[in-house]
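Engineer: Sequence plus predicted model, see below.
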Number of protein chains: 2
Amino acid sequence: MNIQPLLNYIGQHVTLTKEEEAILESKVSYRKYLKGQFVVQQGDVCKYECFVISGCTKTYYVDDEGQEHIVMFSIEDWWTSDIGSFITQTPADFSIQCIENTELIMFSYDEIENLYAEIPKLERFFRRIIEKALVASQKRIIRSFSLSAKDRFLYFRNQYPKIEQRIPQYMIASYLGITKEFLSKIKSQLILEQ
Amino acid sequence: MNIQPLLNYIGQHVTLTKEEEAILESKVSYRKYLKGQFVVQQGDVCKYECFVISGCTKTYYVDDEGQEHIVMFSIEDWWTSDIGSFITQTPADFSIQCIENTELIMFSYDEIENLYAEIPKLERFFRRIIEKALVASQKRIIRSFSLSAKDRFLYFRNQYPKIEQRIPQYMIASYLGITKEFLSKIKSQLILEQ
DNA sequence: AGTAAATGTTAATCTAGATTAACTTTATTT
DNA sequence: AAATAAAGTTAATCTAGATTAACATTTACT
């Protein structure tokens, strides 16, 4: 298992000693998933917080009408989890599915509190990660209320150009909260405009 | 200043000694605001994370068209802050205004890292609070995509009956992402239905 | 290479919710 | 108690985006 991308990522936020890195390595697990496999399924208890080494996942919610709503995509150097389920150890609202072959480093619920106790710096690290995630989530709410579908798409394209390339358009539509037909219309309008 | 509600609240998550409580008390400040006053204004740097002792605030965003979008209400035993601005010490996206006379306990940016260092349990406490806020925020995104305006209103009414009572309807409409006219229509429909 | 499945497009029609505007009710101030 | 401002209602009209359905293109599989 190649834990280096995770160590580099953590190193951007806090400084770990070699010993601490070794402890960390001993307490996380590594797993490969194939495209189409599930990391978590709606209704299961989410047992891990996962760091993406390679590949891509989608986190989504299926509503009462059976419609799928994508909450986030996670690529290299991002996190993926149903934190709501993870922190309370209750059934997940979301499913997480790999949309490419994906390598993950997984922090299990049973180990993570020990890890915090052994390396308090990691508690600081996770606090900061989660703070950033909360900020991003709040800004997404604002965008969903104050921008048109077209402007949300332009924002997405501009913010995540790498993700746009590798993901089918109908999933981007789901992430933006619109139908694939309407996204198609937006794109053809944008082409006419320039 | 009456810090007891804060201590009770913290006590639900972690256990502090009398000494730790005293340290905490020495590092936070207390302030009363009148209805209409601002805790933070869009464009300012947010210097505090605030715990509400009494009263009510609204956190909102004014978009390019001058429209106000309410992100959250905070009443007794809740938090209020523009965390994005707070953690990065950059200009706030949101304004926080008191919609009642309000008493706050304020954790300042300059002190909070010292406080974490002195009382590591508080870092755990804040991590957990922020995790919960993130979960709530993600669920709000899902609701904004998968529920109709009527169902979002029913959810709000059911989830926050106390808030519904004390807040003008046009602010609830703003929180739900609809116009006050449409909320009025929804309410009259609901009356006809029963 | 040929077929089936997945993904994307176009166009017509429909609807939830916005906009506008006139009006009513409730609070606040003098 | 009147006057004024703030909050809420109703109804007509409008629009962003949904729905439906038929078709086109790309990708994956035998």
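Structural biologist: Cool, got the structure.
Engineer: Going toward the C-terminus from the top helix by length along chain A, what's the next helix or strand?
Structural biologist: For chain A, the helix with the greatest residue count under DSSP state H is helix A:120-146. Per DSSP states H and E, the first helix or strand lying C-terminal to helix A:120-146 is helix A:149-159.
Engineer: got a list of contacts for that next one?
Structural biologist: A:143-144, A:147, A:164, A:172, A:175-178, A:182-183, A:186-187, A:189-190 (Cβ atoms under 8 Å, 6 or more residues apart in numbering or on different chains). Where C-beta positions appear, they are placed from N, C-alpha and C, glycine not excepted.
Engineer: Let me know the average pLDDT across that helix.
Structural biologist: Mean per-residue pLDDT for helix A:149-159: 97.
Engineer: who in chain A is up against DNA strand D?
Structural biologist: A:148-150, A:177-179, A:181-182 (Cβ under 7 Å from any atom of the strand).
Engineer: Next, the angle from the longest helix of chain A to helix B:120-146.
Structural biologist: 30 degrees (axes from the mean of the first three to the mean of the last three Cα atoms, to 10 degrees).
Engineer: Do stretch A:85-93 and chain B come into contact?
Structural biologist: Yes - using Cβ under 8 Å from any Cβ of the partner chain, we find that stretch A:85-93 touches chain B at A:87, A:93.
Engineer: And the contacts of stretch A:106-113?
Structural biologist: A:27-31, A:47-51, A:86, A:89, A:115.
Engineer: By neighbour count, which of the residues you listed wins?
Structural biologist: residue A:50 (26 neighbours; other Cβ atoms under 10 Å in any protein chain shown).
Engineer: in the one helix or strand in chain A whose mean pLDDT sits lowest, what's buried?
Structural biologist: Ranked by mean pLDDT, DSSP states H and E, the weakest helix or strand in chain A is helix A:161-166, scoring a mean of 92. Under the neighbour-count criterion of 16 or more other Cβ atoms under 10 Å in any protein chain shown, helix A:161-166 has residue A:163 buried.
Engineer: picking up where we left off before, other SSEs contacting the longest helix of chain A?
Structural biologist: Here helix A:120-146 touches helix A:109-118, helix A:149-159, strand B:68-75, helix B:83-88, helix B:120-146, going by 3 or more Cβ pairs under 8 Å, 6 or more residues apart in numbering or on different chains; DSSP states H and E.
Engineer: go with 7 Å
Structural biologist: helix A:109-118, strand B:68-75, helix B:83-88, helix B:120-146 (3 or more Cβ pairs under 7 Å, 6 or more residues apart in numbering or on different chains; DSSP states H and E).
Engineer: For that helix, the averaged confidence score.
Structural biologist: Mean predicted lDDT for helix A:120-146 stands at 94.
Engineer: go on, stretch A:91-108?
Structural biologist: Throughout stretch A:91-108, pLDDT has a mean value of 97.
Engineer: Quick check: end-to-end length of that stretch?
Structural biologist: One end of stretch A:91-108 to the other measures 16 Å (Cα to Cα, to the nearest Å).
Engineer: that older thread, for DNA strand C, state which of the residues of chain A next to DNA strand D is nearest.
Structural biologist: Nearest to DNA strand C out of the residues of chain A next to DNA strand D is residue A:181 (Cβ to the nearest atom of the strand; 3.8 Å).
Engineer: Whether the host helix or strand of the closest one contacts DNA strand C - can you check?
Structural biologist: Taking DSSP H and E as the criterion, residue A:181 maps to helix A:180-193. Yes - counting by Cβ under 7 Å from any atom of the strand, contacts between helix A:180-193 and DNA strand C involve A:180-181, A:183-185, A:187-188.
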